[in-house]
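J.: Following is a predicted model, sequence given first.
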Amino acid sequence: MNAPRAPISEARYDRIAVITGADSGIGKATAVTLAEQGFDVGVTYHSDALGAEQTAREIAAHGRRAAVRRHDLTDPVTASAAVDELADELGGLGVLVNNAGTGSSRPLLEMDFAEWRSVLSVDLDGAFLCSQRAARRMVERGAGGRIVNVTSVHEEYPRVGAGPYCAAKGGLRLLSRVLALELSSHRITVNTVAPGEIATPMTGQHDQPPQDDTRPGYPLARPGDAREVAAAIAFLASPAASYITGASLFVDGALGLMGPQAAGALASPDWREG
């Protein structure tokens, strides 16, 4: 007779994480946060090798192991092999954070198919293939696991000039929910974290500390800090989140309540007066 399966809260997944796009911003902050919490961390990067090595040094400063791979998701089939390579080097895989992403700033009627496909390839195809590789390892190991996909407020709300980005992030939200259903019997949870504007290189702010009262159209009138997003990701990667799957956690300072397209255009906080 087979022994009864342990409850999901008793899953013993590997304390090893792979984080894509961890050379700066949210990915780097997440890598350091998970190292602080006792994880060995695999780091991927696209072009900033020095940034990835700096992340690895910060992981090592917390007494944890780090491994680094280049990861070009414009060729997602080839790039996804980095997940297995990092897992092999570190000796397991319990957490995958799909954080790598790119965007666009062109109206859809002016966009050619190559640009459309490039964004979808990085933001959606890459996350699918990396999740597939990670989940197969987790299923084989039989100890559960965590997949956290970093989307955006634009998994829910549109933005002019960001058609493929919004389509990819919305698709990643639904992909995550299907994976949550399909992987639930293996004690693998799948969730998304949806940041608003975060002070990172991707938003042109180069990891600067967010300045208060600089975004009059936002309820919390500033950009977010990458460490605030990392804390949410780390929670979903932890045993404390064992009963959360298929969810989207917005880390946006309530930007979604305003409508991200309009909020960024408000030059005055007078909307607060009703």
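T.: Looks like it came in fine.
J.: Now do stretch 62-76, average pLDDT.
T.: Taken as a whole, stretch 62-76 has a mean pLDDT of 96.
J.: how far does stretch 236-243 stretch from start to finish?
T.: End-to-end distance for stretch 236-243, by C-alpha to C-alpha, to the nearest Å: 10 Å.
J.: For it, buried residues please.
T.: Neighbour-count burial for stretch 236-243 flags Leu236, Ala237, Ala241, Ser242 (criterion: 16 or more other C-beta atoms under 10 Å). Glycine gets a C-beta too; all of them are placed from N, C-alpha and C.
J.: Give the helix, strand or coil label for the closest residue to Pro269 other than its chain neighbours.
T.: Distances taken as C-beta to C-beta, 6 or more residues apart in numbering place Pro216 nearest to Pro269, at 4.3 Å, with adjacent residues excluded. Three-state assignment for Pro216 (DSSP: H, G, I helix; E, B strand; the rest coil): coil.
J.: Least confident secondary structure element in the chain?
T.: Ranked by mean pLDDT, DSSP states H and E, the helix or strand of the chain with the weakest confidence is helix 260-263, at a mean of 81.
J.: For it, what is the distance to the chain centroid?
T.: Here the centre of helix 260-263 is set off from its chain's centre by 22 Å, with C-alpha atoms, centre = their mean, to the nearest Å.
J.: buried stuff in it?
T.: For helix 260-263, burial by neighbour count (16+ other C-beta under 10 Å) applies to Pro260, Ala263.
J.: So what does the residue nearest to Pro269 look like in phi/psi?
T.: The phi and psi values for Pro216, taken as degrees, to the nearest 10, are phi -60, psi -20.
J.: so what's it up against?
T.: By C-beta atoms under 8 Å, 6 or more residues apart in numbering, Pro216 lies in contact with Leu266, Ala267, Ser268, Pro269.
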